[in-house]
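In: Here is my input; please provide its structure:
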Amino acid sequence: MQIKLSSIKRSLTSMVILITTVLVTLACAVLSFSFIADTQSRLLRQTSEASQIIAENSTSFMVYNQPDVAERWLQSLRHTPQVLHVHLYRFDAATNGLKFFASYYADRESPIPVRFDRVTNLTNARITDTYVESAVPIYVQNVLQGYAYVRTSRQQYDEAKLYVLAISGVISTAGLIFSWLLSLWLRRAITQPLDGMVESIQDIARDKQYNRALPEFDLQELDRLADAFNSLLSRIQQHIERQEQAEKAASELNTELEAQVRQRTQKLYESNQELHQALETAHRYQSELVQAEKMSSLAKLVSGVAHEVNTPVGLAVTSTSILQDTLRTLKQKFAEKKLTAQEFQRHMTSFDQNLALISRNISRTADLISNFSKLSMDQFSDEDRSIHLAKFWDDVSQSLRNRHAELDHVELSANVANDLIITTLPGPLNQVISQLVQNALQHAFSKTSKPKIHFDFELLSHSAASDDTLELQMTYTDNGDGIPEELLKNVFDPFVTSKRSHGAAGLGLHLVYNLVAQVLHGHIELQSASGEGTRFTITFPVRHAKHLKV
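Out: The predicted structure follows:
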């Protein structure tokens, strides 16, 4: 009867290799950590001692405020190659903070930034990825004079780690060699049967001969593994047969699905073509509608301009014709010597009246043309400029009072921060304020006993993930007659006015809207009701804004 080998030998072999590896690893780890920790402790101690020495020698320099002498003394540290950087910070009682006093950096080293925030928190020396640093406070009779900040090289620490790595590598290599030799010795007794099994399994996997079976082995574990593997091979063979049948059925199903996909694809292509044609037709119709709307707006604008200019020009032409007729009559009577003094005086009075009428209508025409020219945004080519908002308001309001005597009877006020400076387009902003006030004077207060106009300026900040968007919100309010409901929807359109018979052209609010939307790149909102006053809320971005320090 053949006796099969026990599995204890294999377990013992594994345990020997494991114990050897663990012992070698532990020994290397303990020695490495001990050596590195000792080197680190020594570097930290040396850095702390160097910081203390530098601090003690720098006390007199700080007390007598001698940074030049301190700089010269620090140059003596060039004979100490371990010291890389030294900073001396002097405490300033006036500002209750630290100020840079003197510094030193070794050859081949670059200056470093000040470390005000670090020296106060660096109570002990510490090692970083590139250097060792320490900070020591300097006291004289319990009064803080400053700090000494020192950086030293961590070269010894890095060399210690390299040395430990080298020694650990040698020891690990020796342990691996020993384990390898031990495994060679155990291979003959244990691993050769296992190698035979592996080769058989590889042959089956390579040739895909799942109907084969592994032979019996002398080792109990291998023999049991061979039986289990043979059972697995049998199941794999059965699974392969079922898979081949399933693949055949799937292939037939895929063929049918491909035919259906081709049909659906063709239908989808035809639908996309129809949709593309419909979209092109819609775009063409949209373009035609836009052009038609442009032509309609242009026709309305030209008609409005012609209507507004035609009245004063017609009056001027009529007055000119009257003057010409009167002048011919006057010449004829003068030539016939029938002109009396009374008739001459009457003709002169007629001349004065007609010339005054011509002058007024020509001025009216010039004003209309000037207002029409304001509709072009090209004249507002003003560049961004920083303005003191409160002073800007004072200048604008004073200019308005000088130009409009009616403001003597109107309470004009504003709520604006005295310390706010913004960067924006001052010209268009001036125009917006002026047009709002002029529009109110012309339309708002016919039924108001104590008229009031108020402006409110507020800086808005909308915080985002990476930046802040600054906007200025200007709110205009009055207590006037309000805007009739029938004009609210198109009050910003050109030539919309409730006082055309009084000479109003209806261009003021249209100009305000264009200035806000096209020049200031903002938006305007209107709230008004007949008899309840008017409120305009104008919001537009500003490039920069700051508050003056008091």
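
In: Tell me if I'm right that Y149 and V119 touch.
Out: Yes - counting by Cβ atoms under 8 Å, Y149 does reach V119; the two are 5.1 Å apart. C-beta: built from backbone N, CA, C; applies to glycine.

In: Which one's more surrounded, these two?
Out: For the pair Y149 and V119, the greater number of neighbours falls to Y149 (25 against 20), based on other Cβ atoms under 10 Å.

In: OK, contacts around the more buried one?
Out: 51, 85-89, 115, 118-119, 122, 133-135 (Cβ atoms under 8 Å, 6 or more residues apart in numbering).

In: Weed out the non-buried ones from these.
Out: Buried members of these, counted by 16 or more other Cβ atoms under 10 Å: S51, H85, V86, H87, L88, Y89, R115, V119, L122, E133, S134, A135.

In: Nearest to L472 among those?
Out: Closest approach to L472 among these (Cβ to Cβ): R115, at 41.4 Å.

In: Common neighbours of Y149 and V119, please.
Out: Listed as contacting both Y149 and V119 by Cβ under 8 Å, 6+ apart are Y89, A135.

In: Identify the residue nearest F392 in space, chain neighbours excluded?
Out: Closest residue in space to F392, ignoring its immediate chain neighbours: P426 at 6.5 Å, by Cβ to Cβ, 6 or more residues apart in numbering.

In: roughly how far apart are the one you found and K391?
Out: 11 Å (Cβ to Cβ, to the nearest Å).

In: And the two? Which one has more around it.
Out: P426 (18 against 12).

In: what's the spacing between the more buried one and W393?
Out: Relative to W393, and taking Cβ to Cβ, P426 is found at 11 Å.

In: for the strand or helix carrying W393, packing partners?
Out: Assigned by DSSP states H and E, W393 falls within helix 389-403. Helix 389-403 sits against strand 411-415, strand 420-424, helix 426-443, strand 452-463, with contacts defined as 3 or more Cβ pairs under 8 Å, 6 or more residues apart in numbering; DSSP states H and E.

In: Can you spell out which helices and strands pack onto the longest helix seen in the chain?
Out: For the chain, the longest helix by residue count, based on DSSP state H, is helix 220-335. Judged by 3+ Cβ pairs under 8 Å, 6+ apart, the packing partners of helix 220-335 are helix 192-207, helix 341-374.

In: how about the shortest one as PDB, C-alpha atoms only?
Out: Right, helix 192-207. Only the C-alpha atoms of helix 192-207 are listed here, as PDB (Å, rounded to 0.1, in the frame of the first residue of the first chain):
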ATOM      1  CA  GLN A 192       7.300  19.000  -8.600                       C
ATOM      2  CA  PRO A 193       3.900  17.200  -8.500                       C
ATOM      3  CA  LEU A 194       2.200  20.600  -8.400                       C
ATOM      4  CA  ASP A 195       4.200  21.700 -11.500                       C
ATOM      5  CA  GLY A 196       3.000  18.600 -13.200                       C
ATOM      6  CA  MET A 197      -0.600  19.400 -12.400                       C
ATOM      7  CA  VAL A 198      -0.200  23.000 -13.600                       C
ATOM      8  CA  GLU A 199       1.300  21.800 -16.900                       C
ATOM      9  CA  SER A 200      -1.600  19.500 -17.500                       C
ATOM     10  CA  ILE A 201      -4.100  22.300 -16.700                       C
ATOM     11  CA  GLN A 202      -2.300  24.700 -19.100                       C
ATOM     12  CA  ASP A 203      -2.400  22.100 -21.900                       C
ATOM     13  CA  ILE A 204      -6.100  21.600 -21.400                       C
ATOM     14  CA  ALA A 205      -6.700  25.400 -21.400                       C
ATOM     15  CA  ARG A 206      -4.400  26.000 -24.400                       C
ATOM     16  CA  ASP A 207      -6.000  23.200 -26.600                       C
END
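
In: how far does that helix sit from the chain's center?
Out: 64 Å (Cα atoms, centre = their mean, to the nearest Å).

In: For that helix, which residues meet the burial criterion?
Out: P193, L194, M197, S200, I201, I204.

In: just checking, what packs against it?
Out: So helix 192-207, by 3+ Cβ pairs under 8 Å, 6+ apart, packs with helix 220-335.

In: can you tell me the average pLDDT over the helix it packs on?
Out: Averaging pLDDT along helix 220-335 gives 73.

In: cool, and stretch 82-95?
Out: Per-residue scores along stretch 82-95 average to 88.

In: and if you look at stretch 23-40?
Out: Here the average pLDDT along stretch 23-40 is 83.

In: got the CA coordinates for it in PDB?
Out: Taking C-alpha atoms only, stretch 23-40 is exported to PDB below (Å, rounded to 0.1, in the frame of the first residue of the first chain):
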ATOM      1  CA  LEU A  23      12.000  38.700  10.700                       C
ATOM      2  CA  VAL A  24      14.100  40.300   8.000                       C
ATOM      3  CA  THR A  25      11.400  43.000   7.400                       C
ATOM      4  CA  LEU A  26      11.000  43.700  11.100                       C
ATOM      5  CA  ALA A  27      14.700  44.000  11.700                       C
ATOM      6  CA  CYS A  28      15.100  46.400   8.800                       C
ATOM      7  CA  ALA A  29      12.100  48.400   9.900                       C
ATOM      8  CA  VAL A  30      13.300  48.800  13.500                       C
ATOM      9  CA  LEU A  31      16.800  49.700  12.600                       C
ATOM     10  CA  SER A  32      15.700  52.100   9.900                       C
ATOM     11  CA  PHE A  33      13.100  53.900  12.000                       C
ATOM     12  CA  SER A  34      15.600  54.200  14.900                       C
ATOM     13  CA  PHE A  35      18.400  55.600  12.800                       C
ATOM     14  CA  ILE A  36      16.100  58.000  10.900                       C
ATOM     15  CA  ALA A  37      14.400  59.200  14.200                       C
ATOM     16  CA  ASP A  38      17.800  59.800  15.800                       C
ATOM     17  CA  THR A  39      19.000  61.800  12.700                       C
ATOM     18  CA  GLN A  40      15.800  63.800  12.700                       C
END
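
In: Domain ranges for the protein, per the record?
Out: Listed by automatic domain parsing, the domain ranges of the chain are 9-161, 252-374, 382-547.

In: and E241, which of those domains is closest to it?
Out: Nearest to E241, of these and by Cβ to Cβ, is domain 252-374 at 17.9 Å.

In: Tell me how far the closest one lies from the chain's centre.
Out: 45 Å.

In: Excluding covalently adjacent residues, which one is nearest to S434?
Out: S434 sits nearest to L400 (Cβ to Cβ, 6+ apart), 6.3 Å away.

In: Kindly present the helices and strands packed on helix 220-335 as JSON lines, with separate columns for mean pLDDT and distance to T59.
Out: Converted to JSON lines, the helices and strands packed on helix 220-335 look like this (pLDDT from 0 to 100; distance: least, Cβ to Cβ, whole Å):
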{"stretch": "helix 192-207", "mean pLDDT": "76", "distance to T59": "77"}
{"stretch": "helix 341-374", "mean pLDDT": "74", "distance to T59": "74"}
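
In: Rebuild those as JSON lines, extending it with distance to P484.
Out: Shown next, in JSON lines, are these (distance: least, Cβ to Cβ, whole Å):
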{"stretch": "helix 192-207", "distance to P484": "94"}
{"stretch": "helix 341-374", "distance to P484": "22"}
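
In: So for E247, which of those helices sits nearest?
Out: Judged by Cβ to Cβ, the one of these that comes nearest to E247 is helix 192-207, at 20.5 Å.

In: Identify the residues contacting that closest one?
Out: Contact partners of helix 192-207, identified using Cβ under 8 Å, 6+ apart, comprise 209-210, 212, 214-215, 217-219, 222, 225-226, 229, 233.

In: among those residues, which ones are buried?
Out: For the contacts of helix 192-207, buried by 16+ other Cβ under 10 Å: Y210, L214, F217, L219, L222, L225, A226, F229, L233.

In: What is the nearest of those residues to Q527?
Out: Nearest to Q527 among these, counting by Cβ to Cβ, is Y210 at 85.9 Å.
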